[in-house]
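# Need coordinates for the following:
(chains A, B, C and D)
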2 protein chains.
Amino acid sequence: MSRELRVGLHAAIVAVTGEQPRVLTVPDLAANLPAALPFGPLDPDQHRTLELGLRAWVQEQTGMELAYVEQLYTFGDRDRASSDAAGARVLAVAYLALVRERQLAEGRGAAWESVYAVLPWEDRRQGEPDVLRDQIRPRLATWVRAGADTAMRRSRRGRVDITFGSESAGWDSERVLDRFELLYEAGLVAEASRDQSRSTGGTPDPGVGEPLALDHRRILATALGRLRGKLKYRPLVFELLPETFTLLRLQHTVEALVGVRLHKQNFRRLVERGRLVEGTGRLESATGGRPAELFRFRRDVLHERPAPGVGLPGLPHGRSRRV
Amino acid sequence: MSRELRVGLHAAIVAVTGEQPRVLTVPDLAANLPAALPFGPLDPDQHRTLELGLRAWVQEQTGMELAYVEQLYTFGDRDRASSDAAGARVLAVAYLALVRERQLAEGRGAAWESVYAVLPWEDRRQGEPDVLRDQIRPRLATWVRAGADTAMRRSRRGRVDITFGSESAGWDSERVLDRFELLYEAGLVAEASRDQSRSTGGTPDPGVGEPLALDHRRILATALGRLRGKLKYRPLVFELLPETFTLLRLQHTVEALVGVRLHKQNFRRLVERGRLVEGTGRLESATGGRPAELFRFRRDVLHERPAPGVGLPGLPHGRSRRV
DNA sequence: GCGTTAATTCTCAATTTGAGCATAATAAGA
DNA sequence: TCTTATTATGCTCAAATTGAGAATTAACGC
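Presented below is the predicted three-dimensional model:
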């Protein structure tokens, strides 16, 4: 008789409040443990589709109705947070959901957590973050030197350069998962020591960034990478914005997700030339300066062009564009 | 006691021979039934990772060792080819694999099937294919008119326009899955009538294109869409080519996958300016005209630029010239 | 009124596309 | 051998897009 098989449905539910991207978390069963993403097992009898199962669990755990939902990836490594207490083999089907910022229903313990508290090396809006310069790069350099032989050291150095950028290769904002996996392999995130049954003893390394339960930080990394990539060719940002918004708010929302600052005038040019938005004539006066016009998303673009996205007019430093 | 849950691992293994993309199929259990993609159930005890399980099944059914493998999507709709004979709920984790054209081991029945025999509306290299103009568009128009009310008809028309292109919206080569799903919903592919237990009686509509077993045509559509999208920003084509190749062969391989003809000189400019290839100095003389230089993939680009792909210099709309 | 803060418009050069013409090198056939 | 067909490869040129930043406008607080 073969081992039992189960499937979990996991949701990275993302919103942007102000200039910070956030992800919805629920408290883990025991206190003191890291928070988790909303998740629950697929019920083969009740859930007609995977996505409906996911929506049901999210509704139950957070009271939230999801609008935009997209499947990300199915994880199933046996040695990586993939068996439950009963010893069954458990797969995780991960989803990305986008919602507008809103009040959370009280009482269930769900809370918004900052995405960049969990993945602090991904926010380059103020330039390369301290944690990257002071901790990650030095420790990755050590990891590279610890390679068994020259070939391995060279291979490790190559991976570090391409995932975290170097003089020759720039920062690719979409490689979020690659970076997390490299940090995991190099033992710089808490999940790495947690997953090793043979702990090296002593106080466990706290690692960089706030961990999440199970493999949920990996799921969040997958979600952020996918979101960053898709922004460029699908009008996903508007799932995160209210009906009307100023162009600066739109820009801040994109910047928050992509983790870099953009050139303001050119960003506007792209958005307007792409006919993604239309002015409402009304003004938002709480800007602190000249009032800004309120715009709304032109849903018609979906019927006009095959791949409408916001494009990323980079600033002088970051040269990580595609096509 | 809840219904049992199983997980199948399915592989769309793609190669390009000459100017035709092909997918590896295995004969279905009973004769007369459509061929299937290689697949097998995940064994929770034996398969350490999903991908290793997939490789094992492919090896067993086709004798082939896979190199490039990428997870596509996990399907699990209850009403769509997702329960087995024993009535268990079955999920399908689908993968895309790329291989170089090669001789198949005899005897196991595995065979290369033309991708565009299965998805004939996707090949626009000779302009809009006949099946699209003569069958699909008229029947989709009928389906649009059959909508219950004005709102539904407008919504259907919008979907048709955006997925299959119209005057206002062009053809988006990446929307392969959207197109297949629309054809399924409109009842133009054989799978649609197969999945309806309440058949309308009479001779079943054969539908457009060669069907595959289970949901495998859907998986192939997912694979082709993903592949088309990814070509633009990852050097995947080279997984399908031998060590050295002429630039025309490179172009033909890309064209075969994307399903459109490209502007030759500009294609070369993009490839060379992107420093994706380097000349070998050797010449290929079996070209039929002036001998072409043999090039090889510059693996170093992987360490130089974040998103090296081949780009797609299109031809003027609608035209399809000989190259 | 004056400085501050943003919004909004414009410029301008550098690059990148889209399209096509011209020339070079081979094989097959007259 | 000379011509023609066929493909490779190089080059040009205008149009469009991008990257960067200056200039102008419209509020607010004092």
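# Relative to residue B:129, how far out is the closest residue to residue A:189 other than its chain neighbours?
Counting by C-beta to C-beta, 6 or more residues apart in numbering or on different chains, residue A:189 lies nearest to residue A:207, which is 4.3 Å off, once chain neighbours are set aside. Heads up, the C-betas are built off the backbone N, CA and C, glycines and all. Distance, residue A:207 to residue B:129, by C-beta to C-beta, to the nearest Å: 54 Å.
# tell me the contacts of the residue nearest the centre of chain A?
Centroid-nearest residue in chain A, with C-alpha atoms, centre = their mean: residue A:224, separated by 2.4 Å. Contact analysis of residue A:224 by C-beta atoms under 8 Å, 6 or more residues apart in numbering or on different chains lists A:14, A:21, A:115, A:119, A:122, A:176, A:257.
# taking those residues one by one, which sit in strands?
Judged by DSSP state E, the contacts of residue A:224 include A:14, A:21 as members of strands.
# can you put the contacts of residue A:224 in TSV and add pLDDT?
Formatted as TSV, the contacts of residue A:224 follow (pLDDT from 0 to 100):
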residue	pLDDT
A:14	97
A:21	96
A:115	97
A:119	98
A:122	97
A:176	97
A:257	95
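# TSV for the contacts of residue A:224, including neighbour count and distance to residue A:156?
Converted to TSV, these look like this (neighbours: other C-beta atoms under 10 Å in any protein chain shown; distance: C-beta to C-beta, whole Å):
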residue	neighbour count	distance to residue A:156
A:14	24	32
A:21	25	30
A:115	26	27
A:119	24	21
A:122	26	21
A:176	24	20
A:257	22	30
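# With distance to DNA strand C as added columns, please give the contacts of residue A:224 in JSON lines.
Converted to JSON lines, the contacts of residue A:224 look like this (distance: C-beta to the nearest atom of the strand, whole Å):
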{"residue": "A:14", "distance to DNA strand C": "24"}
{"residue": "A:21", "distance to DNA strand C": "20"}
{"residue": "A:115", "distance to DNA strand C": "24"}
{"residue": "A:119", "distance to DNA strand C": "27"}
{"residue": "A:122", "distance to DNA strand C": "25"}
{"residue": "A:176", "distance to DNA strand C": "25"}
{"residue": "A:257", "distance to DNA strand C": "19"}
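# I'd like the distance between the spatially closest residue to residue A:242 that is not a sequence neighbour and residue A:22.
Excluding the flanking residues, the one nearest residue A:242 by C-beta to C-beta, 6+ apart is residue A:100, at 6.2 Å. Separation of residue A:100 from residue A:22 (C-beta to C-beta): 12 Å.
# How is chain A divided into domains?
As recorded under automatic domain parsing, the domains making up chain A are A:5-117, A:120-195, A:232-304.
# quick one: low-confidence parts of the stretch 151-300 of chain A?
Counting by pLDDT under 70, the stretch 151-300 of chain A shows low-confidence ranges at A:168, A:197-204, A:287.
# circling back to that earlier point, now do the residue nearest to residue A:242 against DNA strand D, distance only.
For residue A:100, the distance to DNA strand D equals 27 Å [C-beta to the nearest atom of the strand, to the nearest Å].
# Next one: the closest residue to DNA strand C within the stretch 201-323 of chain A relative to residue A:251, how far apart?
At 2.1 Å from DNA strand C, residue A:289 is the closest residue in the stretch 201-323 of chain A, using C-beta to the nearest atom of the strand. Residue A:289 sits 15 Å away from residue A:251, taking C-beta to C-beta as the criterion.
# Helices of the stretch 151-300 of chain A, start to end?
Along the stretch 151-300 of chain A, the stretches classed as helices by DSSP state H, counting those that start in this stretch are A:176-185, A:190-195, A:216-231, A:247-258, A:264-273.
# Does the second one reach chain B?
So that's helix A:190-195. No. Judged by C-beta under 8 Å from any C-beta of the partner chain, helix A:190-195 and chain B are separated, with a smallest distance of 14.0 Å.
# can you check the first one too?
No. Figure legend: helix A:176-185 not in contact with chain B (C-beta under 8 Å from any C-beta); closest approach 10.4 Å.
# neighbouring contacts of that helix?
Contacts of helix A:176-185 (C-beta under 8 Å, 6+ apart): A:119, A:121-122, A:136, A:140, A:159-160, A:162-164, A:189, A:191-192, A:207-208, A:217-218, A:221-222, A:224-225, A:228.
# Next, the angle from it to helix A:216-231.
Inter-element angle recorded for helix A:176-185 and helix A:216-231: 160 degrees (by axes from the mean of the first three to the mean of the last three C-alpha atoms, to 10 degrees).
# In the stretch 51-200 of chain A, what residue lies closest to DNA strand D?
Nearest to DNA strand D in the stretch 51-200 of chain A, going by C-beta to the nearest atom of the strand, is residue A:170, at a distance of 11.7 Å.
# Tell me, how many residues neighbour that residue?
18 (other C-beta atoms under 10 Å in any protein chain shown).
# Residue A:35 is in contact with residue A:26, correct?
Yes. The criterion here is C-beta atoms under 8 Å, and residue A:26 meets it with residue A:35 at 6.7 Å.
# Need the overlap of contacts for these two.
Shared contacts of residue A:26 and residue A:35 (C-beta under 8 Å, 6+ apart): residue A:111.
# got the contact list for residue A:216?
A:10, A:12, A:36, A:37, A:39.
# can you redo these as a markdown table with neighbour count?
As requested, the contacts of residue A:216 are exported to a markdown table (neighbours: other C-beta atoms under 10 Å in any protein chain shown):
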| residue | neighbour count |
| --- | --- |
| A:10 | 24 |
| A:12 | 26 |
| A:36 | 17 |
| A:37 | 27 |
| A:39 | 22 |
